[in-house]
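Enquirer: Provide a 3D model corresponding to the input given below.
(one chain, ligands or ions: 1)
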Amino acid sequence: MAESYNDYQLGPSRPTARPYTGRPPTAVSTVGRRDASFVVAVIEGRGKSFLARVGREVGIAALDRDTGKTVLIQVADCQTYVKTIHHIHLHSPSIILVPDTFLPAATHSKWHRNGQPSSILVECLQEEFSGVPIEPVSRKYWSETAGLDFINQLCIDDEDRPALVVSVSNKYYALSAIAALFKHVETKLNTIFAARSLRITYRPVEGTMLIDTESAKNLELVGNMTRKKSKHSLFGILDYTFTPMASRLLRVNILAPITAQPSLDARLDAVEELMQNEDVYSAVKDGLRALNKVDMDKLIPASSRVAQMLNVRNIVRSLPALQFALQGCRSHLLQIISAMLSDERIAELEERVSDSLNDDLATAKKTGLAAVNVRVYAVKASINRLLDVARETYRENVGDIYELCRELSNEHALPLQLCYSDAAGHFFTLKKADLEGELPRGFINVTSKSDKWCFSTVELRKKNARTKDALDETLILSDKIIQDLLDTVVHDIGVLYKASEAVALLDMLWSFAHASILRPEFTGTLAIKAGRHPILENVQSSAGTLVPNDVYCCDSSSFQLIQGPNMSGKSTYLRQVGLLTVMAMCGCFVPAEYASFRLHDALLTRLSNDDDMERSLSTFANEMSSSAMILSLATSRSLVLIDELGRGTSPREGVGISHAIAEELIRTKTFVFFATHYNELSTTLSRYPPVVNLRLSVQNIRNSSFNIVFKYKIIDGALEEIDHYGLKLAKLADLPPQLLTVAEKISCTLSELQVKRDQESFSGKTALRRKALLKFRTQLSQALDHSTLSEEAFLTYLEKIQHNLVELLDENLDE
Ligand SMILES: Nc1ncnc2c1ncn2[C@@H]1O[C@H](COP(=O)(O)OP(=O)(O)OP(=O)(O)O)[C@@H](O)[C@H]1O
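Expert: Reported below is the predicted structural model:
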């Protein structure tokens, strides 16, 4: 089981990965940056420890100004700051704070973008978050002790508080960051938070899969290539959430999927139960619908106190239905959520709020008479005698004003109307069309407003003054009662925030249940049967024609070399592998007939897209920096997707570079899907047992105009260069026939020469024997770990694989 409830939300900690050395310069990220509301403070460690010299410790504190949620992160990073950037992206910054010593002396007081930054961290931030202001904060405010003081003062007093204090106590950089963050918010943004009112959490970074921002962009995880927010992204197709906090949780989970199997299993159990039990599914849906668009994280900064209390009342009244819906659920996670929603303090809150507030109070408007009346009549009668009297006086005064309006209407035979503005109080209006000639004498302050005249009288102004006195008295008394109520709510605000987390998780799981197809497993093998590209599947035009594909990648076949002509579906296959992995690692079901995944520590990609025009990097430079990033981050637990490496240089160099990078990746034992146009690679890499040759099948049709049909089906074996698919496709472009004949002749001659040279230089049989032995070893270890067969069936299976091995070795003996 997972360690705590938070583990189910965002995953627990895991050992730190190896230090990193490279991050590609990336475009301004479009990873679905939602409306930026975070103030983010970042500081980097330049300590004397070994860690600080090899890598760097970076402390991050991020405050969501809308919700008051604060997250602390401390991460070991390298000088390209790939992890730091990844975590800051998760918190869509509106401003980034850095110590003033990170900037050149001349710009300490004011940071100019065209100034020379003095730290690489600032350079990376500037490059990655262009458009987000980077502000210096005096170094003296980045203090560990001040950070702890802020936490002690501001963090809500709930059962998680002691654990937070313990886990951050030795996170010097994260504490320094939070100290500077709150100092800036207090002094520059003039925001003071009430004591013990903020949710502050420490987020261990090790329990999540690292997805660099470029990969997130290319895989269209939360936004698509053309639009930041789109239905045609993984987020777009999974987001059936009702509440804003669930939508935020989903986004963070997609960008940083969790790697803890117990937490994932618990989520999958919950999703499965929601899918299988229709009553629970519908009851949860109804419960969530009652909270549609309600942001339970925004309890503190609501527009007014009354609005705040109405919000709280709406929430506490909706929670019992959700809790009731989960009664009797079997899954451990749904039981935890149910327990969090049934905290008796929620019922007490409901009672307290209902005892004080009028039942028929509508949602508070921001301005106008309706807003005034909501404040005046918010508190129930008989709670405070003085308030009752003041309210009666106010009501009578307003009645007098309406009486005056009636009298004047009759006297002048004019259809006068009463209007109200916060500044002027009540005033008369009259449609211009209803007035023949001039306004009668006695009307003052006449102004014209579109098709109406607006005016007052001396009598009305006197009555307005009296009404205002009564109103002020009423509001003083009423606001005092609401403030007292609010104080008691703030005392128990922790329970509402916990409920908010429970609702967010339930809402996300329900969303998964709504979108789900097949429950994945987690084993050491990546095996998908008839998997479908989740986003393409949702695109109307592709839905019917989408060809499902299989994936099989394990330790003995960790490097998958994928070939196929242009347009045959290579990129789609690669993306499908990445997207299905992310889905599974969020705890979501996947579109496939069977799926087993490995838990990866990082998803790293080089996917060919339009190159970074904005930063005017050449295709080649871009490819090389992505490759350096991948090589420095990939471990035996990573998943790497590489599409068409080497296209930015000459074919010979391209093959050389691709081969060298592939060799290095094979050595790390990482799972690699490597799509390429270079047929040579299937020969040069064939001596490595983990290399598997796959190709996207196409059918040749003898036909005068076009003789190639794409099947989009992945099949075993390398592509025969002899087929010259490029030339066949070129016919589509209406090139002159004699030109194509010359091209074909030269290509055929070169191919034949190549085949002859390959045969002379390398014995393929040795490679085949090595591969067979490796496959045999994997089959044995898989049988040991996962077999559910009876003893007899198990022996038959062993005999069968033994027989296959002997046969293959016999067939491939050297002469
Ligand atoms: N499994 C599939 N089922 C149906 N259509 C597919 C499938 N895979 C790819 N396609 C369609 O084929 C087209 C080409 O796919 P893709 O870009 O993946 O090919 P490619 O081999 O990477 O091409 P290139 O080498 O030119 O980059 C796309 O429009 C895509 O929608």
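
Enquirer: give me the secondary structure label for whichever residue of the stretch 201-350 of the chain sits closest to the ligand.
Expert: Closest to the ligand within the stretch 201-350 of the chain is His232: 11.9 Å, counting by Cβ to the nearest ligand atom. Glycine gets a C-beta too; all of them are placed from N, C-alpha and C. Counting by DSSP: H, G, I helix; E, B strand; the rest coil, the backbone at His232 sits in coil.

Enquirer: OK, contacts around it?
Expert: His232 sits next to Glu220, Asn224, Ile535, Asn538, Val539 when contact means Cβ atoms under 8 Å, 6 or more residues apart in numbering.

Enquirer: now do the buried residues in the longest helix along the chain.
Expert: Secondary structure assigned by DSSP state H gives helix 458-491 as the longest helix of the chain. With burial defined by 16 or more other Cβ atoms under 10 Å, the residues of helix 458-491 counted as buried are 460, 463-464, 467, 470-471, 473-475, 477-479, 481-482, 485-486, 489-490.

Enquirer: Leu210 bridge partners, please.
Expert: Beta-bridge pairing of Leu210 under DSSP bridges involves Ala602.

Enquirer: go ahead and confirm it touches Asp601.
Expert: Yes - contact status for Leu210 versus Asp601: in contact at 6.7 Å, counting by Cβ atoms under 8 Å.

Enquirer: would you indicate which residues of stretch 269-279 are buried?
Expert: Going by 16+ other Cβ under 10 Å, stretch 269-279 has these buried residues: Asp269, Ala270, Val271, Glu272, Glu273, Leu274, Met275, Asn277.

Enquirer: go on, stretch 143-156?
Expert: Ser143, Glu144, Ala146, Gly147, Leu148, Phe150, Ile151, Leu154, Cys155, Ile156.

Enquirer: what's the helix or strand harbouring Val672 in contact with?
Expert: Taking DSSP states H and E as the definition, Val672 sits inside strand 671-675. Contact with strand 671-675 is made by 526, 553, 558-564, 570-571, 573-574, 577, 598, 600, 638-645, 658, 662, 665-666, 681, as judged by Cβ under 8 Å, 6+ apart.

Enquirer: partner strands of that strand, with direction?
Expert: strand 559-563 (parallel), strand 639-643 (parallel).

Enquirer: of those, which is nearest the ligand?
Expert: Here strand 639-643 is closest among those (Cβ to the nearest ligand atom), at 6.8 Å.

Enquirer: what inclination does the helix or strand just after that closest one have with respect to strand 639-643?
Expert: Per DSSP H and E, the first helix or strand lying C-terminal to strand 639-643 is helix 651-668. Per axes from the mean of the first three to the mean of the last three Cα atoms, to 10 degrees, the angle that helix 651-668 makes with strand 639-643 is 170 degrees.

Enquirer: now helix 651-668: mean pLDDT?
Expert: The pLDDT scores in helix 651-668 average 90.

Enquirer: with stretch 586-602 instead?
Expert: On average, stretch 586-602 scores 94.

Enquirer: touching the ligand at all, it?
Expert: No - interface with the ligand: stretch 586-602 contributes nothing (Cβ under 6 Å from any ligand atom), its closest point being 11.9 Å away.

Enquirer: got the CA positions of that stretch in CSV?
Expert: Output of stretch 586-602 as CSV, limited to C-alpha atoms (Å, rounded to 0.1, in the frame of the first residue of the first chain):
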residue,chain,number,x,y,z
CYS,A,586,-1.5,8.3,-14.3
GLY,A,587,-3.7,5.4,-13.1
CYS,A,588,-5.9,5.4,-16.2
PHE,A,589,-7.1,2.6,-18.3
VAL,A,590,-5.8,2.4,-21.9
PRO,A,591,-7.2,1.8,-25.4
ALA,A,592,-5.9,-1.7,-26.1
GLU,A,593,-6.8,-5.4,-25.9
TYR,A,594,-4.1,-6.1,-23.4
ALA,A,595,-1.4,-3.8,-21.9
SER,A,596,1.5,-4.3,-19.5
PHE,A,597,3.9,-1.5,-18.7
ARG,A,598,7.1,-1.0,-16.9
LEU,A,599,7.4,1.9,-14.5
HIS,A,600,9.8,4.4,-16.1
ASP,A,601,11.8,7.1,-14.3
ALA,A,602,11.8,9.3,-17.4
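
Enquirer: buried ones in it?
Expert: Those would be 586-592, 595-602, for stretch 586-602 by 16+ other Cβ under 10 Å.

Enquirer: so which residues on this structure come close to the ligand?
Expert: Proximity of the chain to the ligand, by Cβ under 6 Å from any ligand atom, involves residues 536, 542, 545-547, 549, 564, 566-572, 712.

Enquirer: would you list the buried entries among those residues?
Expert: Here, 16+ other Cβ under 10 Å leaves Leu536, Leu546, Val547, Asn549, Gly564, Ser568, Gly569, Lys570, Ser571, Thr572, Tyr712 buried among the residues of the chain next to the ligand.

Enquirer: what is the subsequent helix or strand relative to the helix-or-strand element of the chain with minimal mean pLDDT?
Expert: Lowest on mean pLDDT, DSSP states H and E among the helices and strands of the chain sits helix 50-54, with a mean of 44. Using DSSP H and E, the helix or strand that follows helix 50-54 towards the C-terminus is strand 56-64.

Enquirer: re earlier: show me the buried residues of stretch 143-156 that map onto strands.
Expert: The strands, defined by DSSP state E, take in nothing from these.

Enquirer: could you dump those into JSON lines with pLDDT added?
Expert: Output for those, formatted as JSON lines (pLDDT from 0 to 100):
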{"residue": "Ser143", "pLDDT": "93"}
{"residue": "Glu144", "pLDDT": "92"}
{"residue": "Ala146", "pLDDT": "94"}
{"residue": "Gly147", "pLDDT": "94"}
{"residue": "Leu148", "pLDDT": "92"}
{"residue": "Phe150", "pLDDT": "93"}
{"residue": "Ile151", "pLDDT": "93"}
{"residue": "Leu154", "pLDDT": "91"}
{"residue": "Cys155", "pLDDT": "90"}
{"residue": "Ile156", "pLDDT": "86"}
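
Enquirer: what is the nearest of these to Ala513?
Expert: Ile156 (30.7 Å; Cβ to Cβ).

Enquirer: so what's the closest one closest to, chain neighbours aside?
Expert: Excluding the flanking residues, the one nearest Ile156 by Cβ to Cβ, 6 or more residues apart in numbering is Gly494, at 4.3 Å.

Enquirer: host element of that neighbour?
Expert: Here Gly494 sits within helix 493-515, counting by DSSP H and E.

Enquirer: and for Ala595?
Expert: strand 594-597.

Enquirer: who's in contact with that strand?
Expert: Contact partners of strand 594-597, identified using Cβ under 8 Å, 6+ apart, comprise 518, 520-523, 525-531, 580-581, 584-585.

Enquirer: cool, thanks, signing off.
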